[in-house]
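Colleague: Would you be able to build a 3D model of this:
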Amino acid sequence: QQGFSQDGPGYVPMGGGAQFRQRQLNEADAAAKQMPVKKPVRRVLTSLTLQILIFFSIWWNCFYYVLNILVFVYKGLVLPYPQQNFDMEFSFAWLYIILEIPRLFLVTKGNKAEQVVPIVFSLILALPLLAMYAYFIDFQTYVLKIDLILNGIALGFIGLQVLLSIFAAYRFATATRFV
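Modeller: Down below sits the predicted model:
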């Protein structure tokens with residue numbers, strides 16, 4: 001009875017038989033691991049271009065806001081600014097930051113979560129901001145070259161974001177989720 005052991009309640013094959021069975025189990029496990037599991041593939045709809053633009057826009061807005069306040073301080077100290085106009089235009093600068101932070105949050109949330117509603121609300125908040133940039137470029141009491149440069153760049157950022165947001169919202173609304 002060579003090749004068998006009688007240590008347990010039954011006979012356990014030793015040597016060649018046990019190795020053959022183990023090899024069969026290993027091959028079965030390897031074959032099972034190689035077979036793909038049929039799961040639906042989810043398409044990613046998030047706009048990377050929009051997200052990158054939002055990232056740089058956040059940094060630009062910090063830079064813009066600090067420079068815009070410094071320009072207003074300069075105008076208030078050096079130029080003969082009518083007090084009523086200065087107060088209104090300075091309050092626009094504060095209104096800008098009050099609207100811009102939630103707008104950026106909503107567009108980021110809508111883009112990352114692939115939801116249309118936050119993007120639509122961010123587009124609604126973009127309208128008064130576009131009007132403020134146009135006001136700062138053309139209708140302020142004193143428009144300096146730095147105002148033209150700062151507000152032109154900011155208008156470019158928000159204009160691109162509005163266009164990309166519209167495209168992203170359209171894609172989110174019309175896409176089928178699984179391919």
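Colleague: Can you report how many residues neighbour the closest residue to residue 146 other than its chain neighbours?
Modeller: Excluding the flanking residues, the one nearest residue 146 by C-beta to C-beta, 6 or more residues apart in numbering is residue 71, at 5.8 Å. C-beta: built from backbone N, CA, C; applies to glycine. When neighbours are counted by other C-beta atoms under 10 Å, residue 71 registers 17.
Colleague: what about residue 71, helix or strand, and which?
Modeller: helix 48-78 (DSSP states H and E).
Colleague: Please name every helix or strand in contact with that helix.
Modeller: Packing partners of helix 48-78 (3 or more C-beta pairs under 8 Å, 6 or more residues apart in numbering; DSSP states H and E): helix 83-113, helix 145-174.
Colleague: buried set for the shortest one?
Modeller: Applying a neighbour-count criterion of 16 or more other C-beta atoms under 10 Å, the buried positions in helix 145-174 are 147, 150-151, 154-155, 157-158, 161-162, 164-165, 168-169, 172.
Colleague: same question, stretch 48-68
Modeller: For stretch 48-68, a neighbour-count test (16+ other C-beta under 10 Å) marks 50, 53, 54, 57, 60, 61, 64, 65, 68 as buried.
Colleague: correct me, but the fifth one touches residue 156?
Modeller: No. If you go by C-beta atoms under 8 Å, residue 60 and residue 156 don't touch, sitting 9.7 Å apart.
Colleague: quick check, distance from the helix holding residue 71 to the centre of its chain.
Modeller: What separates the centre of helix 48-78 from the centre of its chain is 19 Å, taken as C-alpha atoms, centre = their mean, to the nearest Å.
Colleague: try stretch 77-97
Modeller: Offset of stretch 77-97 from its chain centre (C-alpha atoms, centre = their mean): 33 Å.
Colleague: Please report the average pLDDT across it, rounded to a whole number.
Modeller: Average pLDDT, stretch 77-97: 89.
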